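Undergrad: Sequence and computational prediction follow.
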Amino acid sequence: MPQAPATPTHVLVVDDDPAIARAMRINLVAQGYRVTVAADGTAALRAAADRHPDVVVLDLGLPDLDGVDVIAGIRGWSPVPILVLSARTDSAEKVAALDAGADDYVTKPFGMDELLARLRAAVRRGTTATGPAEPVLRLGELTVDLGAKRVLRGSEPVHLTPTEWGILEMLAAHRGALVGQRELLRRVWGPQYEDNTNYLRVYLAQLRRKLEPDPAHPRYLHTEPGMGYRLDV
C-alpha cells in the first residue's frame, strides 16, 4: 500500500455521476489525498482557478461543457496534470483529449489500483512543471479571467468570438514570450491551417480594436513581423 503524501496532494475530481464521484472521493481520501469534486465543466473551471489543485481527474461526458473544452480551458493558463476518465473508447476521442492537453487517458470501467498508479505518475510529472500562472490578468482597465473564460472592461463584459478568445488564451498562457505564427494557427484553427497567416492579421486587428486603448499603437498585443505575436502585461 503506497504511503500517503506528507503534504496532501489536492485532487480535483470532475464527474457528473454522483456514485462514481463519491467512490473516488472515498478511495482518494483513504489514500491520503485532499479531494474537491465538481459535477460539471463550469464548476471544474472555477475550482481549478480558485483552488489550484495538484492534479485533475476529469470525465469527458459532462452535462454543460465537453470535457475537451474543459481541458483546453484549464490548459490555457495552467500546466496542472490532467488525467481523463471516460467511457469513450474511440481513438479519435482520445487523440482530441490528448491534443487539448490531457496527460493520460483511462477508459471506464477501470480498476482503482490502476487509477491510483496513473494518478501518482501524473503527480510526479507535475512536480517538474512550473506552478500555475495567475488565472486573472489585468490589462489596464481590462480584466482577463482565464478560469471563467471572459473579459471585462470595468464591470462590463467584452464580447469575444471563440476564435478571438482562443488566440488571447494562447498568448496569455505564454505571456511575455513570442508565440510563433504556425503554433498559433495550429492550436486555434488546426494543423491544416498553419500556413494561413492572413487569418492572424485579421483576428489580431479585431482583438486590438476590442482590447487596446489605441489599436494603432498597441500596448499589450505586439507583432514580431514574420515571426509571431506576444502579449505583454
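TA: Now that the structure is in, tell me what you want to look at.

Undergrad: and stretch 58-69, how far apart are its ends?
TA: 11 Å (CA to CA, to the nearest Å).

Undergrad: CA atoms only: put stretch 109-123 into CSV for me.
TA: C-alpha atoms of stretch 109-123 as CSV (Å, rounded to 0.1, in the frame of the first residue of the first chain):
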residue,chain,number,x,y,z
PRO,A,109,-14.7,0.8,-16.3
PHE,A,110,-11.3,1.0,-14.5
GLY,A,111,-9.7,-0.6,-11.5
MET,A,112,-8.9,1.6,-8.6
ASP,A,113,-5.4,0.3,-8.3
GLU,A,114,-4.7,1.3,-11.9
LEU,A,115,-6.2,4.7,-11.4
LEU,A,116,-4.1,5.3,-8.3
ALA,A,117,-1.0,4.3,-10.2
ARG,A,118,-1.8,6.6,-13.1
LEU,A,119,-2.6,9.4,-10.6
ARG,A,120,0.8,9.0,-8.8
ALA,A,121,2.6,9.1,-12.2
ALA,A,122,0.7,12.3,-13.2
VAL,A,123,1.6,13.9,-9.9
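
Undergrad: Can you point out the buried residues in it?
TA: L115, L116, R118, L119, A122, V123 (16 or more other CB atoms under 10 Å). Quick note: C-beta positions are derived from backbone N, CA and C, even for glycine.

Undergrad: Pull the contacting residues for the closest residue to the fifth one other than its chain neighbours.
TA: Here the nearest residue to A122 in space, its sequence neighbours aside, is P81; by CB to CB, 6 or more residues apart in numbering that works out to 3.9 Å. Taking CB atoms under 8 Å, 6 or more residues apart in numbering as the contact definition, P81 lies against D54, V55, V56, D103, D104, A122, V123, R125, G126, A129.

Undergrad: hmm, 7 Å instead?
TA: Shown in contact with P81 (CB atoms under 7 Å, 6 or more residues apart in numbering): V55, D103, A122, V123, R125, G126.

Undergrad: That one and Y229, how far apart?
TA: Between P81 and Y229 the computed distance is 28 Å (CB to CB, to the nearest Å).

Undergrad: Quickly find the element holding the residue nearest in space to the middle of the chain.
TA: Closest to where the C-alpha atoms of the chain average out (CA atoms, centre = their mean) is I74, at 1.8 Å. Using DSSP states H and E, I74 sits in helix 67-75.

Undergrad: Can you give the distance from the following helix or strand past that helix to the centre of its chain?
TA: Following helix 67-75 in sequence order, the next helix or strand is strand 82-86 (DSSP H and E). Relative to the chain's own centre, strand 82-86 is displaced by 13 Å; criterion: CA atoms, centre = their mean, to the nearest Å.

Undergrad: pLDDT averaged over strand 82-86, what's the number?
TA: The average pLDDT for strand 82-86 rounds to 89.

Undergrad: Which stretches in this structure count as helices?
TA: Using DSSP state H, the helices found in the chain span residues 18-30, 41-51, 67-75, 91-100, 112-126, 162-173, 181-188, 197-211.

Undergrad: Reformat the ones you listed into TSV and put mean pLDDT and distance to H10 next to each item.
TA: As requested, these are exported to TSV (pLDDT from 0 to 100; distance: least, CB to CB, whole Å):
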stretch	mean pLDDT	distance to H10
helix 18-30	93	10
helix 41-51	89	7
helix 67-75	87	14
helix 91-100	80	22
helix 112-126	83	10
helix 162-173	87	21
helix 181-188	83	28
helix 197-211	92	33
